[in-house]
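> Sequence plus the predicted model coming up.
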Amino acid sequence: MAALRDLVTVLITIQLHLSSTSSLSPNKKSGGSGKRQGAASQSLEEGTSVLALGESCGVYTLLCGRGLRCFPPEGDQSPLQSLLQGKGTCRSIKLSFRSTTTAESVKLYVTLHLVLVTMTSPKSSTFSNPPPSKLRRTKSKKKHFVHQKVEVFRASDPVLSVFMWGINHTVSDMFHVPAPVMLLPDDFKANSKIKVNYHLFNKENLPGHFKFKEYCPQVFRNLRERFRIEDQDYQASLVRRSPLKYSDSQDEHLLLTSYDQLLIIKQISSEEVEDMHNILSEYHQHVVKSHGVTLLPQFLGMYRVTVNNEDTYFIIMRNMFSHRLTIHTKYDLKGSLVSREASDKEKEKYLPTYKDMDFRNNMQRIYISDEDKEKLMEKLNRDVDFLVRLKLMDYSLLLGIHEMDRGEREEDEEDEDSLCEEEDEQENDLSMLASTSLSTSPEGVAGSGPVQKTITPADFDPCVDVYGIQCTAAPRREVYFMGLINILTHYDTKKKAAHAAKTVKHG
């Protein structure tokens, strides 16, 4: 405010100077207005000391005497700055009028006027506002972020409802927390917890009492950034709709996918949470060194949900398979043939998980270019060396195969079915289209494109399907998805005993 008052003083002073100068123009005679100005100047000087001819003057000095005005040095390129610094000189109005042209005076006035408009709002300025077109050029554009209008975390399981509520709460809070320049050791031990008690409130959607805990929020935030996943997209994928049960999930451990099938939500044990804490620092360092290019699981967050005094632990990962291309064949490979064949019950599933013996018996081949093979082996060797260094075991290479020809046939069949449905239910489709077009919430990690629409092989996006390798020249057109899974098992005494027993049995 002090700077604002000083600028107003400068403007008023210079405006008085200019008005006095214009009244002494040789083409105009001074009239009644000139007499009134002289009377005002005389009354002002009677009670105040003034500066004499040739003395230094400025905005913060005494006024010049009668018939004198404070002028900046001749030829000065910054007259306003000179007056603010007191480098002006008291000179006669008649003499200085010839050396100071009207254009220079107007330039000085315009400079002061623009400074005042920049520092104050249009309402507080005593001068006329600049044209609207000028304001539009200097005004910065507002950024509008689109948010979901209504957040309703409704799921069949209260644990999932609390999980969705907690994700929305913690990610929203992180928008207000600046990211650190570098992670410190305390960041790998940090956590945030919240306890909620509802009394006869929102009981249709959430339990009355629950807790939610996020582990190492700054670390996983940094990992998401290195894996090129925005927090807002991460939030939308997990919160916009209820997670779906993964087709291969076992009864003992809950395995879910986000509604857009981009993220995997895996239930883990408290021991695995501890194991994750033990390797998190080295894992983060490995991701940094590899610039986020790795076959390891991309861990994006770890949480604990407490409902009815029971703790449930979740870890979030990027889905290794495509969210758009259908997986037709799947293998879990460990590099061993001992007890590595899918059971008859497993083979009866819609998408069975084959193993090493099945890979050999099916004469399965992977057709990739020499360049892709070199990149794949480089990543695989680097990641396996990391796991060996940390004494981790029981991991395996997950392989998913998408057959392009089969996918195109399935797409044509889906188009025919959808065409028949559109003819039968045209009105319902139009209403659904209208409701979809009015949706304003984010689409998730995949962006704003349609999620459930089948994509042709030409639309394969390696930026989203980071684990995918497209086969271009091979007997069969295929897309492969490969990544390492189940890396949290430590080679401890229990595993040593199991390994010894297998050695005795199989040799």
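Cool, got the structure.
> Just give me the neighbour total for residue 335.
8 (other CB atoms under 10 Å). Glycine gets a C-beta too; all of them are placed from N, C-alpha and C.
> just residue 392 next, same as before
Around residue 392 there are 18 residues (other CB under 10 Å).
> Determine the number of other residues adjacent to the closest residue to residue 258 other than its chain neighbours.
Spatially, and ignoring its direct neighbours in sequence, residue 258 is nearest to residue 237 (4.3 Å; CB to CB, 6 or more residues apart in numbering). Each residue near residue 237 was counted by other CB under 10 Å, and the total is 28.
> which residues does residue 329 bridge with?
residue 401 (DSSP bridges).
> what separates it from residue 480, distance-wise?
Residue 329 sits 10 Å away from residue 480, going by CB to CB, to the nearest Å.
> Now list whatever residues contact both of these two.
Contact criterion CB atoms under 8 Å, 6 or more residues apart in numbering; residues shared by residue 329 and residue 480: 400, 401.
> tell me the contacts of residue 295?
Going by CB under 8 Å, 6+ apart, residue 295 touches 379, 380, 383, 397, 467, 482, 483, 484.
> Throw those into JSON lines and include secondary structure, thanks.
As requested, these are exported to JSON lines (DSSP: H, G, I helix; E, B strand; the rest coil):
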{"residue": "379", "secondary structure": "helix"}
{"residue": "380", "secondary structure": "helix"}
{"residue": "383", "secondary structure": "helix"}
{"residue": "397", "secondary structure": "strand"}
{"residue": "467", "secondary structure": "coil"}
{"residue": "482", "secondary structure": "strand"}
{"residue": "483", "secondary structure": "strand"}
{"residue": "484", "secondary structure": "strand"}
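> Mind checking which of those are buried?
Buried positions within the contacts of residue 295, assessed by neighbour count (16 or more other CB atoms under 10 Å), are 379, 383, 397, 467, 482, 483, 484.
> and which of these is nearest residue 265?
Nearest to residue 265 among the buried ones among the contacts of residue 295: residue 483, at 16.7 Å, using CB to CB.
> Low-confidence regions, this structure specifically.
1-48, 94-156, 247-252, 415-460, 473, 491-507 (pLDDT under 70).
> Domain-wise, how is it divided?
Domain segmentation of the chain under automatic domain parsing yields 2-138, 152-319, 326-404+451-507.
> out of these, nearest to residue 410?
Here domain 326-404+451-507 is closest among these (CB to CB), at 6.7 Å.
> And the strands in the stretch 351-500 of the chain, which stretches?
353-354, 392-393, 396-403, 468-470, 478-485, 489-490 (DSSP state E, counting those that start in this stretch).
> In TSV: those, plus distance to residue 69.
Output for the strands of the stretch 351-500 of the chain, formatted as TSV (distance: least, CB to CB, whole Å):
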stretch	distance to residue 69
strand 353-354	92
strand 392-393	84
strand 396-403	84
strand 468-470	78
strand 478-485	80
strand 489-490	86
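> Any idea which of the ones you listed gets closest to residue 233?
Nearest of the strands of the stretch 351-500 of the chain to residue 233, taken as CB to CB: strand 468-470 at 18.9 Å.
> How about residue 254: what's its closest non-neighbour residue?
residue 267 (3.9 Å).
> Do I have it right that the one you found meets residue 312?
Yes: counting by CB atoms under 8 Å, residue 312 is a contact partner of residue 267 at 6.4 Å.
> what is in contact with the two at once?
Contacts common to residue 267 and residue 312, judged by CB under 8 Å, 6+ apart, are residue 254.
> Helices along the stretch 351-500 of the chain, start to end?
Per DSSP state H, counting those that start in this stretch, the stretch 351-500 of the chain carries helices over the ranges 356-361, 370-389, 404-424, 426-437, 493-506.
> packing partners for the first one?
Under the contact criterion of 3 or more CB pairs under 8 Å, 6 or more residues apart in numbering; DSSP states H and E, the helices and strands touching helix 356-361 comprise strand 329-333.
> Just the CA trace of the strand it packs on, in CSV.
This file holds the C-alpha atoms of strand 329-333, laid out as CSV (Å, rounded to 0.1, in the frame of the first residue of the first chain):
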residue,chain,number,x,y,z
THR,A,329,-2.9,-66.5,-24.4
LYS,A,330,-1.1,-66.1,-21.0
TYR,A,331,2.0,-67.7,-19.5
ASP,A,332,3.7,-67.6,-16.1
LEU,A,333,7.3,-68.4,-16.7
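> What is that strand packed up against?
Against strand 329-333 (3+ CB pairs under 8 Å, 6+ apart) you get strand 353-354, helix 356-361, strand 396-403.
> could I get these as a markdown table with distance to residue 232?
Formatted as a markdown table, the helices and strands packed on strand 329-333 follow (distance: least, CB to CB, whole Å):
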| stretch | distance to residue 232 |
| --- | --- |
| strand 353-354 | 34 |
| helix 356-361 | 40 |
| strand 396-403 | 28 |
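> Give me whichever of those is most buried.
By mean neighbour count, with neighbours taken as mean count of other CB atoms under 10 Å, strand 396-403 ranks first of these at a mean of 20.
> got the contact list for it?
295, 320-322, 325-335, 366, 380, 476-486.
> And the nearest residue to residue 72 once chain neighbours are set aside, how close does it get to residue 412?
Distance criterion CB to CB, 6+ apart; nearest residue to residue 72, sequence neighbours excluded, is residue 79 at 3.8 Å. Separation of residue 79 from residue 412 (CB to CB): 77 Å.
> more neighbours, these two?
Shown here are residue 79 and residue 412; by other CB under 10 Å, residue 79 has more neighbours (23 against 11).
> residues contacting the residue lying closest to residue 215 once chain neighbours are set aside?
Nearest residue to residue 215 in three dimensions, chain neighbours excluded: residue 302, at 4.4 Å (CB to CB, 6+ apart). By CB under 8 Å, 6+ apart, the contact set of residue 302 is 214, 215, 216, 220, 273, 276, 313, 314, 315, 316.
> Please apply the same query to residue 70.
17, 51, 57, 58, 61, 63, 64, 83, 88, 89, 90.
> Show me these that map onto strands.
51, 57, 63, 64, 88, 89, 90 (DSSP state E).
> The nearest residue to residue 207 once chain neighbours are set aside: how many residues sit nearby?
Leaving aside its chain neighbours, residue 207 sits nearest to residue 158 (4.9 Å; criterion: CB to CB, 6+ apart). For residue 158, the number of neighbouring residues by other CB under 10 Å comes to 15.
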